[in-house]
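Chemist: Here you go, sequence then predicted model.
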Amino acid sequence: VQLQASGGGLVQAGGSLRLSCAASEHTFSSYAMGWFRQAPGKEREFVAAINYSGSRTYYADSVKGRFTISRDNAENTVYLEMVGLKADDTAVYYCAAARSVAVFSEDDYWGQGTQVTVSS
């Protein structure tokens, strides 16, 4: 599975962005999808995940109520809607595809990342 993330950019604190991740596979609907982020000097961290059908979503506490993950299996795309952005949200955001929504490992599929910068 090849993943192409897009939609990052520079935004002021309190602003919004919508990230997209397009998958190459027609079997996209069989994968759980996740968003992760890595800030400079920090470990990569989980942001949000969605199961294969879109019926279940999961969020890191730091983004609950501000970020929404969704997917369109007809378009082989997963989205991350981000509102109320804070400076702490500044990071490179990665999308990932895995067979299980409970586990995303280095052996799964990862996109190239898209930079999100929030100015305060």
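Modeler: Arrived safely, thanks for sending.

Chemist: Closest to the centroid, which residue in the chain?
Modeler: Trp35 (2.5 Å; C-alpha atoms, centre = their mean).

Chemist: Thought Tyr93 was touching that residue, still the case?
Modeler: Yes: counting by C-beta atoms under 8 Å, Tyr93 is a contact partner of Trp35 at 6.1 Å. Every residue, glycine included, has its C-beta placed from N, CA and C.

Chemist: Quick check: pLDDT value at Val11.
Modeler: On the pLDDT scale, Val11 is placed at 98.

Chemist: Repeat that for Ser120.
Modeler: Listed pLDDT for Ser120 reads 88.

Chemist: got any residues that touch both of Trp35 and Tyr93?
Modeler: Leu19, Val47, Leu80 (C-beta atoms under 8 Å, 6 or more residues apart in numbering).

Chemist: Relative to Ala5, which of these is nearest.
Modeler: Leu19 (6.4 Å; C-beta to C-beta).

Chemist: partners of the closest one in the sheet?
Modeler: Taking DSSP bridges as the rule, Leu19 bridges to Leu80.

Chemist: Around it, how many other residues sit close by?
Modeler: By other C-beta atoms under 10 Å, the residues close to Leu19 number 24.

Chemist: residues in contact with it?
Modeler: Leu19 touches Ala5, Ser6, Gly7, Gly8, Trp35, Tyr79, Leu80, Met82, Tyr93, Cys95, Thr114, Val116, counting by C-beta under 8 Å, 6+ apart.
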